[in-house]
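A.B. asks: Structural data only, the sequence is not supplied:
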């Protein structure tokens, strides 16, 4: 195999955007049948690099070799013709259309619908991917949507498959299934370029890792012999901070108590909440684990007050019933919340950071008085958040949407935390956030709890919850399990609870 | 009611429905590609005035309709350049196109005002349409049949062809369509040009068989009804057909209110407004009944800027 030319070789690839050097003289090779990781923080230039391999962008300088021959990838069609398939991080799917129509759109040649459907079924059988071609995409789970993208790519018999952050939205079980497919593909000779910043996954899956930082290649290593920590430090170019958690903390009085909270599911696919009870004490971080789509969204809406419930006593803060209060009134009682979706839910992308601060901090911090915004105070507060949480932004007048995911998340978390809430409820605090920002956000949560606030963290990332929380419960089909101390928790039991007791329970793997 | 009268009513309904149907079908395709062109009324007026001019000059109806389609399509490309290439706001540009169309047609139509335009009659031999029953089948202007055929063609194109699938994809998620490698802007240009041509032909209907004379603002706001119809018909061609013919049915009242004393209970303005009110009302009711989200193309009205 050694004398075979590399499936893909990049030599000196450089790409410049106004004001940024996205890729600076990047060279590496992907061998046939190799699973090759492309590692780096958000903004390190990974996505730009693969967009050039897939022909969405053209490099300013440098050469691309395919099976030893120099090629120019003019557009995605040319890339597919070479045998490059790509599964995007943000799925390029058409929600109102069927699975079949979506796949047909990704085909370059015209194939009759019936023939295409049988081809799809063949590929799905071959790789054990389950999908109904006639369903509308809008009704599918995230994992199923990704399967569409994978099937679409596989139908073209690729010899290089690019996966851009494929697991950031998947459940542990779905990740396992995906890895089985990828290993099978690699065994059949297909090279895989796997972009991620989840290091334990890369250790489990990949043979080689190319690490980018600030657009430059900093190292190529074998992830199987590296530690997660050593790779993370190469990625961020410094020492990774571990969460500083004071040992042997005592918890104070009960701050947030939820008693037999039930709520009908909203919309077509909403999961109803059934009899949820939990209690969080001062200084305690309470984690809610679970596979996506088991009522986490409804729970966040119920706790934040976006969806008040009729039973006021179902939720109490400091003993005061707040269940029937809306989000604004609950904020006045000391409850702050951060929803999962940064753009459009937690923040208005087109608003400036200081305007976004006014949206949630106006009452607690008096940023608006008698209906009039105090721009000076708002700017000052936004500036405080930016400096305290080391948010990379051009200032308090930068548009929220101009920040990278991790920086916006730091800003949103900071905006709530500096209001010194009695209770903070956050959902997916580090979703799609790079390692450095995630560490900062985790530390901020721990520090807030240390000042006596009660914190609820809803996350699908079990590792995150195990590292961060004091107490843990699992949500499944709208029901919450009993609470358990993280120090005494049994991973297998949590895995079983996440899968539902009666579900197809492959015990969650301990990475 | 005599058979004659019923047949006359049916023919009137079809006549009134046809321009709305044609314009709405064009706009449906435009909107399915993700573009909102509010200039339908203006493009219809351009089509109407060109039809008058060409018919009066050459006497050739077919040439007149083709010229109307081309002229309106050309005007829609002005809209296309502004909104698609230059990413101007589609709502504002569409409104400007209507104003342009209104002004242009008034100016250009000046010399033709008040002159009788020869009618475009049924394409079938007159012997076929002598019997009243046969007239229901064969007694219409060719554009009436054309509109009905176009309902099927548009439906078939959007649902059954690959090109239609790609067009819907562009309207549903322009960024994804771009990343797969479809020319979003190019497809939208084609859709906009088609919408313009259909609006132009819709405009032809007025001088050719509805009101065979040029007057300013000849289309009397039917372009706006066509726009509303697209939304309330949930972007479905056959619902457009039903909506347009329902509008035609309501038009009957306006016509008969002028001659029949039984209608005098209410002022004539009420009967004139009734088709508009009733159509919107019925369509709103239909769209309320529908479950779930609206069927609007997800990218409707949003400018597309390729970011690579």
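C.D. replies: Looks like it arrived, so ask away. Small disclaimer: the values here were computed from a predicted structure and weren't measured.

A.B. asks: Which helix or strand contains the nearest residue to residue A:481 once chain neighbours are set aside?
C.D. replies: Excluding the flanking residues, the one nearest residue A:481 by C-beta to C-beta, 6 or more residues apart in numbering or on different chains is residue A:474, at 4.4 Å. C-beta here means a position set from N, CA and C on the backbone, and glycine is covered the same way. Residue A:474 is part of strand A:471-476, with elements assigned from DSSP states H and E.

A.B. asks: What pLDDT is listed against the residue nearest to residue A:481?
C.D. replies: At residue A:474, the model reports a pLDDT of 92.

A.B. asks: That one reaches residue A:291, doesn't it?
C.D. replies: No: in this structure residue A:474 lies outside contact range of residue A:291 using C-beta atoms under 8 Å: 9.2 Å.

A.B. asks: between these two, who's got more neighbours?
C.D. replies: With neighbours defined as other C-beta atoms under 10 Å in any protein chain shown, residue A:474 and residue A:291 compare such that residue A:474 has more, 27 against 23.

A.B. asks: now the more buried one: how far from residue B:249?
C.D. replies: Distance from residue A:474 to residue B:249, counting by C-beta to C-beta, to the nearest Å: 60 Å.

A.B. asks: Name every strand pairing with the host helix or strand of residue A:280 and say which way it goes.
C.D. replies: For residue A:280, the element it lies in under DSSP H and E is strand A:273-281. Using DSSP bridges, the strands paired with strand A:273-281 in its sheet are strand A:254-263 (antiparallel).

A.B. asks: list the contacts for the residue lying closest to residue A:477 once chain neighbours are set aside?
C.D. replies: Closest residue in space to residue A:477, ignoring its immediate chain neighbours: residue A:294 at 5.7 Å, by C-beta to C-beta, 6+ apart. Residues near residue A:294 by C-beta atoms under 8 Å, 6 or more residues apart in numbering or on different chains: A:271, A:475, A:476, A:477, A:478.

A.B. asks: What parts of chain A come near chain B?
C.D. replies: A:51, A:56-57, A:75-77, A:88, A:91-97, A:101, A:104-106, A:108, A:110, A:268 (C-beta under 8 Å from any C-beta of the partner chain).

A.B. asks: in the stretch 51-200 of chain B, what residue is nearest chain A?
C.D. replies: residue B:176 (3.3 Å; C-beta to the nearest C-beta).

A.B. asks: Which of the residues in stretch A:101-120 are classified as buried?
C.D. replies: A:101, A:102, A:103, A:104, A:105, A:106, A:107, A:116, A:117, A:119, A:120 (16 or more other C-beta atoms under 10 Å in any protein chain shown).

A.B. asks: Kindly check the end-to-end length of that stretch for me.
C.D. replies: One end of stretch A:101-120 to the other measures 12 Å (C-alpha to C-alpha, to the nearest Å).

A.B. asks: Check the gap between the nearest residue in space to residue A:50 that is not next to it in sequence and chain B for me.
C.D. replies: Spatially, and ignoring its direct neighbours in sequence, residue A:50 is nearest to residue A:162 (5.1 Å; C-beta to C-beta, 6+ apart). Separation of residue A:162 from chain B (C-beta to the nearest C-beta, to the nearest Å) stands at 12 Å.

A.B. asks: partners of residue A:162 in the sheet?
C.D. replies: Applying DSSP bridges, one finds that residue A:162 bridges with residue A:86, residue A:193.

A.B. asks: Was I right to think it contacts residue A:51?
C.D. replies: No: assessed by C-beta under 8 Å, residue A:162 is found out of contact with residue A:51, at 9.6 Å.

A.B. asks: More neighbours: those two, which one.
C.D. replies: residue A:162 (27 against 23).

A.B. asks: In contact with that one, which residues?
C.D. replies: A:50, A:53, A:54, A:84, A:85, A:86, A:87, A:192, A:193, A:195.

A.B. asks: okay, it: pLDDT?
C.D. replies: 94.

A.B. asks: what's the answer for the one 5 residues further on, then?
C.D. replies: According to the model's per-residue confidence, residue A:167 sits at a pLDDT of 74.

A.B. asks: Quick check: the gap between the closest residue to residue A:67 other than its chain neighbours and residue B:222.
C.D. replies: Once flanking residues are discounted, residue A:67 sits nearest to residue A:5: 5.5 Å by C-beta to C-beta, 6+ apart. Noted for residue A:5: a distance of 66 Å to residue B:222, by C-beta to C-beta.

A.B. asks: For residue A:153, what is the enclosing helix or strand?
C.D. replies: Per DSSP H and E: helix A:142-154 holds residue A:153.

A.B. asks: Which strands and helices lie in contact with that helix?
C.D. replies: Where contact means 3 or more C-beta pairs under 8 Å, 6 or more residues apart in numbering or on different chains; DSSP states H and E, helix A:142-154 is packed against strand A:84-87, helix A:99-105, helix A:113-127, helix A:172-187.

A.B. asks: for the record, mean pLDDT for the longest one?
C.D. replies: The average pLDDT for helix A:172-187 rounds to 87.

A.B. asks: From what I see, residue A:343 and residue A:401 are in contact.
C.D. replies: Yes: assessed by C-beta under 8 Å, residue A:343 is found in contact with residue A:401 at 6.4 Å.
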